[in-house]
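S.K.: fold the following, please.
(one chain, ligands or ions: 1)
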Amino acid sequence: MPAEPTVKIVSSAEAVGQSAAAIVAATIARKPDVAISIPTGSTPLGMFRDLIGRVNAGTLSFAKTHIFCLDEYVGVTPDDPNSLTGWLEGVFLKPARVPRANVHVLPSSAPDLASAAAGYERDIAGHGGLELAVLGLGGNGHIAYNEPGSAGDSRTRVIDLTPESIEQAKGYFEGRSVPTHAMTVGVGTLLEARQIVLIVHGHSKAEILRAALRDPETADVPASFLRRVGEKVLVIADQEAAALL
Ligand code: PGA
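M.R.: Here you go, the predicted model:
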């Protein structure tokens, strides 16, 4: 049996971000040219603020670090206002001065999506595999865009978005039709990272975090697969998200 993930409970959402940022910074200080994946969503905003502060203070540089994006809507390119990659560029990659050549974007508009996804896997492997995967937790238990039903050994691929995720995305697409598919790094791909940090905050995530960490492992809650490699997983949660653990 693998060890259970370590859970670090901190006082606030801001502290979740600071704690995760400290791990990212320490990882890069140890080995500047590593491959790291970072999530989209509201959860990592505090971490991004902290990391950008370090870059501006001159104590951290992403000059040699390779950033692998975790997910993108199919048919949506980074210049689209609703692109997850474009959003990440604006809130983090540009202000953190990550060189454009070091940003690895899901090929979700490629003519042959399956072979492009396999190419993304090769790209990760070619950079030595992920040294660190920072993940958010979806309200439905997804990690990256591995929706419920995703297999624990799944690889980078196109998935059907659940009605819940489509509903959530409607807020961003403002009347335009919401994509029904996304390309995501696989669960199995993420489990191979040498360190995994799951960041979670707020009451709304308390029940799904409890299910992911305490109920039997299930594809209905893809985050529960993290327990297969619990010894290298750190969950950083605020008191609200950790309330039911
Ligand atoms: P959120 O999304 O950070 O906006 O809550 C998390 C996720 O879906 O991974």
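
S.K.: show the average pLDDT along the helix ranked longest in the chain.
M.R.: In the chain, taking DSSP state H as the definition, the longest helix is helix 13-30. For helix 13-30, mean pLDDT rounds to 98.

S.K.: burial count for Gly126?
M.R.: Close neighbours of Gly126, defined as other C-beta atoms under 10 Å, add up to 11. For every residue, glycine as well, the C-beta is placed using N, CA and C.

S.K.: next, it: phi, psi?
M.R.: phi -70, psi -20 (degrees, to the nearest 10).

S.K.: returning to that earlier point: what residues does the longest helix of the chain touch?
M.R.: With contact meaning C-beta atoms under 8 Å, 6 or more residues apart in numbering, helix 13-30 is reached by 8, 10, 34, 36, 38, 43-51, 54, 59-62, 65, 131-132, 134, 195, 197, 199-202, 234, 236-238.

S.K.: kindly write the PyMOL command that selects the buried subset of the residues you listed.
M.R.: Burial among the contacts of helix 13-30 is assessed by 16 or more other C-beta atoms under 10 Å; the matching PyMOL selection reads:
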select buried, resi 10+34+36+38+43+44+46+47+48+49+50+51+54+60+62+65+131+132+134+195+197+199+200+201+234+236+237+238
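
S.K.: send me stretch 134-149 as PDB with only the CA atoms.
M.R.: Taking Å, rounded to 0.1, in the frame of the first residue of the first chain, the C-alpha atoms of stretch 134-149 are listed here in PDB:
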ATOM      1  CA  VAL A 134       1.000  21.600  -9.300                       C
ATOM      2  CA  LEU A 135      -2.700  20.700  -9.600                       C
ATOM      3  CA  GLY A 136      -6.100  22.300  -8.700                       C
ATOM      4  CA  LEU A 137      -9.100  20.200  -7.700                       C
ATOM      5  CA  GLY A 138     -12.200  20.600  -9.800                       C
ATOM      6  CA  GLY A 139     -15.600  20.700  -8.100                       C
ATOM      7  CA  ASN A 140     -16.400  17.300  -9.700                       C
ATOM      8  CA  GLY A 141     -13.000  15.800  -8.700                       C
ATOM      9  CA  HIS A 142     -11.200  16.400 -11.900                       C
ATOM     10  CA  ILE A 143      -7.400  17.100 -12.000                       C
ATOM     11  CA  ALA A 144      -6.200  18.900 -15.100                       C
ATOM     12  CA  TYR A 145      -9.300  18.200 -17.300                       C
ATOM     13  CA  ASN A 146      -9.500  14.600 -16.400                       C
ATOM     14  CA  GLU A 147     -13.200  14.400 -15.900                       C
ATOM     15  CA  PRO A 148     -15.000  11.800 -13.900                       C
ATOM     16  CA  GLY A 149     -14.600   8.400 -15.800                       C
END
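
S.K.: ok so, going back, just the ones of the contacts of helix 13-30 in helices?
M.R.: Residues of those located in helices (DSSP H): Leu45, Gly46, Met47, Phe48, Arg49, Asp50, Leu51, Arg54.

S.K.: most centrally placed residue in the chain?
M.R.: Pro39 (2.9 Å; C-alpha atoms, centre = their mean).

S.K.: so what pLDDT did that one get?
M.R.: Reading off the model, Pro39 has pLDDT 96.

S.K.: so who does the closest residue to it other than its chain neighbours touch?
M.R.: With sequence-adjacent residues excluded and distances taken as C-beta to C-beta, 6 or more residues apart in numbering, Pro39 is closest to Gly136, at 4.1 Å. Each residue near Gly136 by C-beta under 8 Å, 6+ apart is listed here: Pro39, Thr40, Gly41, Thr43, Pro44, Ile143, Leu198, Ile199, Val200.

S.K.: redo that, cut-off 6 Å
M.R.: Counting by C-beta atoms under 6 Å, 6 or more residues apart in numbering, Gly136 makes contact with Pro39, Gly41, Thr43.

S.K.: many thanks, I have nothing further to ask.
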